[in-house]
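Trainee: dropping the sequence and predicted coords here.
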Amino acid sequence: MKRTPVGRKARFDPFQGRSMGAFLMDQRAFVALFVLVIVFTSMSDTYLTGSNVMIMSKHVAYNAILALGMLLVILTGGIDLSIGATMCLSGIVAGKLLEGWQINSLDVTVYPQLWAVLLISMATGALVGWVNGLLVCRFNVAPFIATLGTMYMARGAALILSNGVTYSHLGGNAAVGNQGFLAIGAARPLGIPTGIWIMAAYAVVIWLIAARMPFGRWLYATGGNERAAELSGVPVKTVKVWVYVVSGLCAATAGIIMVSELTSVNGDLGTAYEMNAIAAVVIGGASLAGGRGSVKGTLVGAFVIGFLADGLVNIKVNSFWQIFIKGLVIVLAVMLDQAQERLKTRRAAAAAVRSSAQGKAPTNGRSAGGAAGA
């Protein structure tokens, strides 16, 4: 065994044994965020000001909360296309309850308290997630198809409930005691918008679940090799149902925050936000095949998506080009994910070849021990 000479410190390796290319590939979210900030700052004097950074971070909060729920789903090898529609449905439910839910059969209008509005809206998101998990685990529907179907159902349910109407009187009514909803979007504890605080809280909770609890190990095991995880005693179906429920809760939370900040809601809320969430997770280093990803990377990926979108608006890029560029970023993110998978496969194959070569017996027909004794 090769020993480090006494008194000589081990050489610091910033790449941890990886090539610079592999290191940059693993840290691509940080690299992308750094490049975006440099480019947009050079193009606009207002981009990196304190007030603009706070506004951009507030916008990032929606995508980040959605992406954190999506991360758990993707870690198991699934996908959730319904989160944008779930945002909308939960927001519509909140708007309808705040304006008063009229029950024609009883000739009464119900005005729930604010806590009940929030609870029912969150439960709506959880219900959509549970339906997704049921379709995937109980009826073996492919996640893409199952969540595509629930996306249309949730969006349709939102339009049916609202009848295409925009709910804009969300301030509540002092006479019935349901005020305070708009404070969720307007409040700034310690000078920081509520949405950012909620994003941070969700990130901490999901990090604890993924990195410090048995459920987190089950997540990675399920995504890495579902059959092996089942044979090891992991409750795979239960894990998959719960990640869809959590994804639905995250979508409902993002919808409530957005509706509170916009002070109105209609059936178009959350359109295409599922793409932002998927892009954030993949840019953050997660694998669409499952089994690889982190909360830290996902948060950075969300900041990349948010800072890119706001940067394009800041430098007055045509809205049509903004859509094109966002689509291009998603494609590049998936291509980088595939490139990273190929790189890791090649590294693993090379390591296997080296290990095999080191373990070869001498080719002269005698063992090393026999040769020494000859």
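Mentor: Yep, that arrived.
Trainee: for the stretch 151-300 of the chain, what spans make up the strands?
Mentor: In the stretch 151-300 of the chain, no strands are defined using DSSP state E, counting those that start in this stretch.
Trainee: what distance do you get for Val136 to Thr222?
Mentor: Val136 sits 12 Å away from Thr222, taking Cβ to Cβ, to the nearest Å as the criterion. (Each C-beta comes from the backbone N, C-alpha and C, glycine too.)
Trainee: what touches both of these two?
Mentor: With contacts taken as Cβ atoms under 8 Å, 6 or more residues apart in numbering, Val136 and Thr222 have Lys240 as neighbours in common.
Trainee: contact partners for Ile334?
Mentor: If you look again at residue 334, you'll see it is Val, not Ile. Shown in contact with Val334 (Cβ under 8 Å, 6+ apart): 282, 288.
Trainee: so which helix or strand takes in it?
Mentor: Using DSSP states H and E, Val334 falls within helix 319-358.
Trainee: could you check how far that helix is from the centre of its chain?
Mentor: Centroid separation between helix 319-358 and its chain, computed with Cα atoms, centre = their mean, to the nearest Å, is 19 Å.
Trainee: ok, stretch 244-258 next?
Mentor: Stretch 244-258 has its C-alpha centroid displaced from the chain centroid by 11 Å (Cα atoms, centre = their mean).
Trainee: state the mean pLDDT of it.
Mentor: Averaging pLDDT along stretch 244-258 gives 97.
Trainee: centroid residue for this structure?
Mentor: Centroid-nearest residue in the chain: Ala67, 1.6 Å away (criterion: Cα atoms, centre = their mean).
Trainee: residue contacts, the nearest residue to it once chain neighbours are set aside?
Mentor: In this structure, Ala67 finds its nearest non-sequential neighbour in Ala280, 3.9 Å apart by Cβ to Cβ, 6 or more residues apart in numbering. With contact set as Cβ under 8 Å, 6+ apart, Ala280 has these partners: 63-64, 66-67, 70, 298, 301-302, 304-305.
Trainee: switch the cut-off to 10 Å
Mentor: Counting by Cβ atoms under 10 Å, 6 or more residues apart in numbering, Ala280 touches 29, 60, 63-64, 66-68, 70-71, 286, 297-306, 330, 333.
Trainee: quick check: pLDDT value at it.
Mentor: Per-residue confidence (pLDDT) for Ala280: 93.
Trainee: over to Val353?
Mentor: 85.
Trainee: how much space separates it from Leu343?
Mentor: Counting by Cβ to Cβ, the gap from Val353 to Leu343 is 16 Å.
Trainee: and the residue nearest to the centre of the chain, what helix or strand is that in?
Mentor: Ala67 is located in helix 50-75, with elements delineated by DSSP H and E.
Trainee: buried residues, that helix. List them.
Mentor: Judged by neighbour count using 16 or more other Cβ atoms under 10 Å, the buried positions of helix 50-75 are 56-75.
Trainee: centre of the chain to whatever helix or strand comes next after that helix, how far?
Mentor: Using DSSP H and E, the helix or strand that directly follows helix 50-75 along the chain is helix 83-99. Put simply, helix 83-99 sits 20 Å off its chain's centre (Cα atoms, centre = their mean).
Trainee: show me what helix 83-99 is packed against.
Mentor: helix 50-75, strand 108-110, helix 114-137, helix 143-162, helix 236-262, helix 273-283 (3 or more Cβ pairs under 10 Å, 6 or more residues apart in numbering; DSSP states H and E).
Trainee: of all those, which one is nearest Gly180?
Mentor: Closest approach to Gly180 among the helices and strands packed on helix 83-99 (Cβ to Cβ): helix 114-137, 4.9 Å.
Trainee: got the CA positions of that closest one in CSV?
Mentor: What follows is helix 114-137, C-alpha atoms only, in CSV (Å, rounded to 0.1, in the frame of the first residue of the first chain):
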residue,chain,number,x,y,z
LEU,A,114,-59.3,31.7,5.6
TRP,A,115,-57.7,28.6,7.3
ALA,A,116,-60.5,26.5,5.8
VAL,A,117,-59.9,28.0,2.3
LEU,A,118,-56.2,27.2,2.5
LEU,A,119,-56.8,23.7,3.8
ILE,A,120,-59.4,22.9,1.1
SER,A,121,-57.2,24.3,-1.7
MET,A,122,-54.2,22.3,-0.4
ALA,A,123,-56.4,19.2,-0.2
THR,A,124,-57.5,19.7,-3.8
GLY,A,125,-53.8,19.5,-4.9
ALA,A,126,-53.2,16.5,-2.7
LEU,A,127,-56.3,14.8,-4.3
VAL,A,128,-55.0,15.3,-7.8
GLY,A,129,-51.6,13.9,-6.7
TRP,A,130,-53.3,10.9,-5.1
VAL,A,131,-55.2,10.2,-8.3
ASN,A,132,-51.9,10.3,-10.2
GLY,A,133,-50.3,7.9,-7.8
LEU,A,134,-53.4,5.5,-8.0
LEU,A,135,-53.3,5.5,-11.8
VAL,A,136,-49.6,4.8,-11.9
CYS,A,137,-49.3,2.2,-9.1
